Structure formats: C-alpha cells, structure tokens
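J.: structure for this input, please:
(chains A and B)
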Amino acid sequence: MLERLATLAMGARFEIVLEGRAPAHARAAGEAALEEIERCDARWSLFRSDSLIARVNRDAAQREVQLDADTFELLEACEELRARTAGAFDIAIGARMAELGFRGESTSAAHAPSAVGSALELDRARRTVRFTRAGAQLDLGAIAKGEALDRAAAILRESGVERALLHGGTSSVLALGAPPELEGWRVQLAGFEPARDVLLRDRALSVSAPRGRLATRDGREIGHLLDPRDGQPLPLELRVAALAPSGREAEAWSTASAVLLARGVAPRELAPATLELFTPVAAARAEVPSPVPSLR
Amino acid sequence: MSPQDRREFLFSTAGGLAACALTPSLALARPIIRAGAPVQVALIGAGRQGRAILGELATIPECAVVAVCDSDDSRLQAALRRAQGVKGFASHAELLEKAPEVEALVIATPTHLHTQIALAAIAAGKHVFLETPLAHTLDDLSAISEAARRSTKTVAAGFQGRANPVYSLARSFFKAGALRELASLRSQNNKKTSWRTPGSTPERDRELNWHLDPAHSLGLIGEMGAHQFDVYSWFLARQPVAARARGELRLHKDGREIPDTVACELVYDDGLVLDWSCTLANSYEGRYELFNGAMAAIKLAWTHGWMFKEADAPTAGWEVYANRQQFHNDSGITLIADATKLASQGKLQEGVGLPYTSLYYSLADFVKCVAEKAAPACSISDAARTTAVAIKAHEALRTRSEVAIDPKLLEAL
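T.: Next comes the predicted model:
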C-alpha cells in the first residue's frame, strides 16, 4: 500500500508517495525524507533570517562566510554550471529577483549582471564563500528544489525504500523505482502541445515556465525566469522540460535551457549527454518582450 | 458594518492586547570567539541530531571537526561523506584511544547511552558538550553531575534556550519585572509526526527507535518537554515541587506502548502551575513557551519572541521604535537586536528573527567556552536539575499519580 506525505518548504508543497515494508516503516521513511527537505529549506531559504544563504547574503560582501560541506559543494556545482552556460545559469541574481517582486521585499543591493564573470570566490580548502561583485545576492530558486529532492531520495534509499515518487511544487519531480508491475511513474507535462506524458524511473523531471510565477511591472505581467546576464524576464509563453539523472541537474538545466532558448542558443550544444529536453512548439514562437528597466 | 458588528468590533479591539515581538537587543551576531588554532572537535552519535550538529559545526570557523563516531556503519559512512576528510570510529573507546588530537567531544547518542560515554570522555580529560536530556535515570544523572563537577574542562549541556539571544532578551525583560505578578505558565510542542526513525531492516528499526521503548525512554516528556521545562527553570530560577501527567495514544496506533499525546502539570511551591502539552497528531501552533503576568505576557517560539502588554502597563520609551505583529485581536512587540541602531537606519524589520539557528548559538557558545576557558550558557548541574524534573514528570505519567519533587534531590545535582 502506498503512503502519501507532504510538507511546505521553499514556498512550495513537497509531496512524497512511497511504498515501504509496512505502513509504519513507509511513514517513518517519508517523514525522514521530508525532514531532509525541511533541512535544505532551513539552510537555503531566502525567507528565513537564520538560513545559511541569508547569512551569506548579509555578510559575504564584507568577509568570507564559512559553509557546510553540502552547501559548499552545491555552490561549486552552480559555478560550474554558470561557466558551462556562459552565465545563462547564475545564482547571483537575488537582488534583481527581489527588485522585480519575486522574493518578498526588495533588498538594498542593486542587480549585478553576470556577463562580466563570477560573483563568487569559493575557497575549497577553507570551505568559504565571498562575493567579488558588488551587489551580488544569492538565490538558489533555480536549483534548490531539485537538490532537496535528491537528498530526500537518498534518505529513502538508506531507509530501504525502493519505490517512491517525490515532487516539489509539481515543477520538479523525482522517481525512485517504479510502481508495482509498471515500467515507471507516468507524469503528464501540463501545457505541452501536443499533450505529452513522461514515464519516470530513477530519473528526475523539471519544468521551467515563466508563467509559473508572475508579477506586475509597470502594468505589464512578467514571469519569474530571468536572463541573469541582463536581468531581463524571459518570454511568458516559454516552457521547457528537462529529464536528467538527478533532480539538481533537471531543475538547473530546465532553467538554463529556457534562458538559452530565449536568446536563440540551442541548449543541446552545452548540456550533458544524459539530459533530455522537451519544448512545446508554441514556445519557439514566443515573442521576446521589451526590456524591464531597473529601478536603480 | 451593522451596529451589532460594530459593537463586537469595538469590544474585541478594546479587549485586544498590545503585543511586542521580541527581537534581541543582546548579542544577535554570532559569539565572538578568541581562538588561536581551531578547537579540534569529535562528534559521537551521527543520527538526526548528530547530522544537524555536524552541519552547524562546519560553519563555525573557530572549530574543526576531526572525527566522527557511530556504532552503525551506514550512519557513520553518511556522516563521513558529509564531514569530508575526518576520521571515523565505531566506538567512543576507540575514538578516545586513537584520536588523541581531539580536544572536545559533542555527544548526541540516544539518551540512555549518554552516561558511559560522557564519563569516559570526562575521565580522558576532554571538553564535553552533552545533548539533553542528560540521562533517563536519577542514578545516571548523579554520576554525570559528579564527574562534571570534578572536571577542569568545559562540560556543557545542550538545552538550547540558554544560549538563544531571543530567549536571553526575553529573560532580561522578565527579570526586570515587565510581567509583574506571574499568573500562569503554558507551553506546548505539537508536531504531526510518527516520531519513528526508519531502519533499513526490521532489526535496525527496533534499535533506532529506542525513544519508543519504555525501558529506555522518557517519552515525550523527557525528549521534548525537558527542553521547554528548562526555559522555565532558567527564567524562574527555581524548580517545581510536584508533577502530574496524563497521556493517550490518539493517532499512531502502530504497536507502540508510549502515548503520542501527553499533558503535564508542573506545580511550584507558591501554587504557580506550568501546563505543558504535546501531541504527535497535530502541528497547530507548533512549539512555544508562554508566561502570563499581570502587566504583560511573553511568548517565545524558538527564533522569535513577543511581548503582549496589558493596556494598563507602563509604556517604555523604546516602544516607539518597536516592530509590531498582529495575532488576531492581540498586537505584539518584537524586541530587536540593536533595535535603536536599526531604527535609525530604517531597517528595523531586518532585525526580526534570529540570524543563526538556535543550535548554532548553543554550539558556538561551547566552542567559545573551550577557547576562552569560560563557563557555558548551560551547565551540567542546571541541565541535571531540569532532567530530574522531567524524570519525575515521566514517573507521574507512568504511575498516573502526583509525584513529589524533592528540592534536596535537585540541590544535590
């Protein structure tokens, strides 16, 4: 029998459906996995004053901030991805996200365009981070949900769970094994024409769409996906799904691919071979919106 | 708005209290630690709490985790992956023998295993941070307390309220008499959880779920309530003289013997009562500690705290700057660290909430005390008294009778 559990974290509802040795075991394993997601939220949330990322955003312009091993490794992976995508993926977009109204209150920092290079100095030996670009503010919104799903899945595996489906806000999904007597977990991609189902088994799926969260700027609707290089919102009708071996890769590459596609670059040329990308036909016809000026 | 609505509105508004959200005006920043070389730390017990501890220790530059110990190999390997480049041991004895560079031990094993490890660590001349509750029997408590008294090193306990800046600030208001006559105390810890740890095999399930085993566990009163009882011990600087308790299994009927829903009353010598409750069936309002006085109430909830003032309470000058938060009919003041400075910069809102986790403050205090040979925020004798209260309250639950708490018993700890 399948157990179903949920928690609220990272501004989304995370849900797990799983099978265990017995209902009590499944519930305990699911709770441990959800706790891991809550721990990720506690470290990487922008909405908590005591999170590690809030600490980095507060202090890293002035001094090195000591990180735990997980967070350091995640930031290193983000930097690799930034280099690989020529800045189409960049976590140092916190100030612009806040300015456009996607992250609660606006911060006092101005957006630092990523085209000029990395905003971070990572010291592996001392496990520290420091901002090298004025105005840098981290926002892990384009990778944290997928990373949290990977960590939750690892807890499930350690607990002896072999079948589970996990999702964060329905935009990032991870499958562990398959339901009994089936090839995989069937997931429907909403808003894709023609309609498209994906069969997931030990793989992750992430969908990036500017319409996933909207704000209004100068009377105009804008979506939450930005090109970090100039801080401009992507076309609203854009939609990209990425299938990858891990939640981290799926989420990061779905975001990066959306940015690259919007700028006329084929993500396939930059992405790892294990990545599968889906884009609805309509997205290719999406119009590039006029620029949204910075307030500063 | 109809006349009736308006009357009700006015009535409820008049009845509403002014609440003040407490944000620390004490040291909100991380403790400043005067350290030369980083303190060499080892963790014993790499379960859930141990993993959280590893994460926090990694962000304290004045210490370095050099070894981890757990009797379960999968947990040990997971911790070694997390800590990277540290030594791993399957027993505390092996660690003490083979890692002489370790100066300080953080012990986060199951409660009933604390004593033997803590005594060995103290005997080996190590600084020790012992998670709480300290022990599950009075005999073990005495042994730990006695060993800590004889130690010349830092021996600290993990009741986190005492190192938490929000709680320190609230306590300064409490001690200054902001509440006046204390009327009642109420506290709860609600969380919807089975409180089970999943094991990879049924055998591991049994080992990992020691806290569901009546032979080894103080149940919800000990593992959850003690942390909140300690807040009251610290604020009131006295201990209850009797305990009453009741408990039921309301939701998790999975073969366990201990209740998942518990209520407990701790009675003080002047008739003041602390009402504490805990359920694993519902999460509403989570965890908090409440003090109700004739002039104000203080509510503490881990990273945040508020003061709700009565209408006839005197108004202090700083309240002009206070950040306020509305709770239905009541409005609270959040006391904020460096409130005056932040207000002058128009950044008062940024001071709401702790900038570090409560566990971080506790561990950083320990590292600071080791580096500076200072007294820890939570001493073993403080923690032993609170743990003894929890043991007695658990006895009240088990026997379904009122249990007296002998002040002499507590003084001896």
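J.: all the helices of chain B, residue numbers only.
T.: B:3-15, B:48-57, B:73-83, B:92-98, B:114-123, B:138-150, B:165-175, B:202-208, B:219-220, B:226-236, B:339-344, B:358-372, B:380-399, B:407-411 (DSSP state H).
J.: of the ones you listed, which approaches chain A most closely?
T.: helix B:48-57 (4.7 Å; CB to the nearest CB). (C-beta placed from N, C-alpha, C; glycine too.)
J.: can you tell me if that closest one touches chain A.
T.: Yes: counting by CB under 8 Å from any CB of the partner chain, chain A is contacted by helix B:48-57 at B:48, B:52, B:54-56.
J.: and which of those is nearest residue B:253?
T.: Closest to residue B:253 out of these is residue B:48 (23.6 Å), distances taken as CB to CB.
J.: before we move on, back to that, need the buried ones from the residues of helix B:48-57 next to chain A selected in PyMOL.
T.: A single PyMOL command selects the buried members of the residues of helix B:48-57 next to chain A (16 or more other CB atoms under 10 Å in any protein chain shown):
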select buried, chain B and resi 48+52+54+55+56
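J.: list the contacts of residue 208.
T.: By default, I'm working from chain A. For residue A:208, the contact set (CB atoms under 8 Å, 6 or more residues apart in numbering or on different chains) comprises A:142, A:171, A:225, A:238-242, A:251, A:254-255, A:257-258.
J.: meant chain B, my bad for not saying
T.: Counted by CB under 8 Å, 6+ apart, residue B:208 has contacts B:47, B:197-199.
J.: most neighbours of all those, which one?
T.: residue B:198 (27 neighbours; other CB atoms under 10 Å in any protein chain shown).
J.: distance check, that one against chain A.
T.: Applying CB to the nearest CB, to the nearest Å, the value for residue B:198 to chain A is 4 Å.
J.: same check on residue B:42?
T.: 16 Å.
J.: in the sheet, who's paired with that residue?
T.: Beta-bridge pairing for residue B:42 (DSSP bridges): residue B:67, residue B:105.
J.: model confidence for it, exactly?
T.: Note on residue B:42: pLDDT of 98.
J.: my read: it touches residue B:65, true?
T.: Yes: using CB atoms under 8 Å, residue B:42 makes contact with residue B:65 at a distance of 7.2 Å.
J.: tell me which helix or strand of the chain sits lowest on mean pLDDT?
T.: Assuming you mean chain A. Taking mean pLDDT, DSSP states H and E as the measure, chain A has helix A:281-284 as its least confident helix or strand, at a mean of 50.
J.: not quite, go with chain B.
T.: helix B:3-15 (a mean of 35).
J.: give me the pLDDT for the residue of the stretch 151-296 of chain A at minimum distance from chain B.
T.: Proximity of the stretch 151-296 of chain A to chain B (CB to the nearest CB) peaks at residue A:159, 3.7 Å away. Looking at residue A:159, its pLDDT is 90.
J.: contacts only, for it.
T.: A:20, A:25, A:28-29, A:32-33, B:198-200.
J.: repeat that for 7 Å
T.: Shown in contact with residue A:159 (CB atoms under 7 Å, 6 or more residues apart in numbering or on different chains): A:29, A:32, B:198, B:200.
J.: same check on residue B:226?
T.: By CB under 7 Å, 6+ apart, the contact list for residue B:226 reads B:132-133, B:386-387, B:390.
J.: one more time with 8 Å, if that's ok
T.: B:132-133, B:159, B:218, B:386-387, B:389-390.
J.: just checking: which of those residues also lie near chain A?
T.: Here nothing survives when the contacts of residue B:226 are matched to chain A using CB under 8 Å from any CB.
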